[in-house]
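Colleague: Below: sequence and its predicted model.
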Amino acid sequence: MEPLTCPVCEQRFFESDDGVAMPFCSQRCKLIDAARWLDERYGLPVEKPLEDEFFE
């Protein structure tokens, strides 16, 4: 089995049997990632709908 890399702390780890925190190495890293999404440090690119350009 190949080790995985945690996307938060970049620590190498092996997938545990319970998989509770996957794809993170721990529950702590999982919560850090969730907080980053809630603080809007992460986001998804959004394209403006075409209709909005005609009404500006």
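Modeller: In hand now; what should we look at? Numbering: from 1, shown residues only.
Colleague: Give me the spatial nearest neighbour of the spatially most central residue of the chain, chain neighbours excluded.
Modeller: Geometric centre of the chain, nearest residue: Asp33, 5.6 Å, by Cα atoms, centre = their mean. What sits nearest to Asp33 in space, not counting adjacent residues and going by Cβ to Cβ, 6 or more residues apart in numbering, is Val8, at 5.4 Å. For the C-beta atoms, the positions are set from N, CA and C on the backbone; glycine is no exception.
Colleague: now swap in Phe24 and tell me
Modeller: Lys30 is the one closest to Phe24 (Cβ to Cβ, 6+ apart), at 4.4 Å.
Colleague: what about the one you found, which helix or strand?
Modeller: helix 27-38 (DSSP states H and E).
Colleague: Touching that helix from outside, list them.
Modeller: 6-9, 20-21, 24, 42 (Cβ atoms under 8 Å, 6 or more residues apart in numbering).
Colleague: Closest to Pro49 out of those?
Modeller: For the contacts of helix 27-38, the residue nearest Pro49 by Cβ to Cβ is Tyr42; the value is 22.6 Å.
Colleague: What's the local residue count around Ala34?
Modeller: When neighbours are counted by other Cβ atoms under 10 Å, Ala34 registers 12.
Colleague: Could you measure from it over to Pro49?
Modeller: Taking Cβ to Cβ, to the nearest Å as the measure, Ala34 falls 29 Å from Pro49.
Colleague: One more: Thr5?
Modeller: 37 Å.
Colleague: more crowded one of those two?
Modeller: Thr5 (12 against 8).
Colleague: if you skip the residues just before and after it, what's nearest to the more buried one?
Modeller: The shortest distance from Thr5 to any non-neighbouring residue, by Cβ to Cβ, 6+ apart, is to Arg12 (5.7 Å).
Colleague: what's the distance between the one you found and Glu47?
Modeller: Distance from Arg12 to Glu47, by Cβ to Cβ: 36 Å.
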